[in-house]
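Colleague: sequence and predicted structure are below.
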Amino acid sequence: MKINTDFLGTGWSFPPEFNETEGKLAMTTDVEDINNSLMILLSTRPGERVMFPNYGCDLHEMLFKPLDLTLITQMKGIIERAILYHEPRINILSIEINTQEELQGEVLIEVDYEVRNTNTRSNMVFPFYKGEATEI
């Protein structure tokens, strides 16, 4: 028996891509669409989306703060609230902040989640860069 996954939706690929042979916009579905949605949510600052001023995740406010346990806890809370309010298709299982590449200016945000109604588990890793734009 095949599970109906229409509720997961279909959306534009991220970043937007065009299929030149068909002359159409590339689309994503199911878990890939959820992962794209999470990438957009975590990289959008609140106030950037027209008509949705509360949409986004304010991680950029943390950019130049010292990376200690307090900051990691704050980041997890911000991410959890953003997903709770803006991604109703999933339940968060865990959020981990990987700081192994901290000295290179990279922090990996690992979100493990379960898709509601299908109980499918998946994960997404979001790279958050703390470095300056010096290599131009």
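Modeller: That came through fine.
Colleague: so what's residue 128 up against?
Modeller: If you count contacts by C-beta atoms under 8 Å, 6 or more residues apart in numbering, residue 128 has them with 42, 59, 106, 107, 108, 109. Yep, even glycine has a C-beta here, placed from its N, CA and C like the rest.
Colleague: top of those by neighbour count?
Modeller: For the contacts of residue 128, the largest number of neighbours (other C-beta atoms under 10 Å) sits with residue 107, at 22 neighbours.
Colleague: ok now stretch 116-126, how far from the chain's centre?
Modeller: 12 Å (C-alpha atoms, centre = their mean, to the nearest Å).
Colleague: can I get that stretch in CSV? Just the C-alpha atoms.
Modeller: Written as CSV, here are the backbone C-alpha positions of stretch 116-126 (Å, rounded to 0.1, in the frame of the first residue of the first chain):
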residue,chain,number,x,y,z
ARG,A,116,4.3,13.9,10.3
ASN,A,117,1.8,11.4,9.1
THR,A,118,4.4,9.1,7.4
ASN,A,119,6.8,8.8,10.4
THR,A,120,9.7,9.0,7.9
ARG,A,121,12.9,10.1,9.6
SER,A,122,15.3,12.4,7.8
ASN,A,123,17.9,15.0,8.5
MET,A,124,19.4,18.1,7.1
VAL,A,125,22.7,19.8,7.7
PHE,A,126,22.9,23.6,7.3
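Colleague: strands of the chain, residue ranges please.
Modeller: In the chain, the segments counted as strands under DSSP state E are 10-12, 18-19, 24-25, 27-29, 90-98, 106-115, 120-129.
Colleague: wait, which of those is closest to residue 50?
Modeller: Set against residue 50 and scored by C-beta to C-beta, those come closest in strand 10-12, at 16.3 Å.
Colleague: and that closest one, what's its mean pLDDT?
Modeller: For strand 10-12, mean pLDDT rounds to 66.
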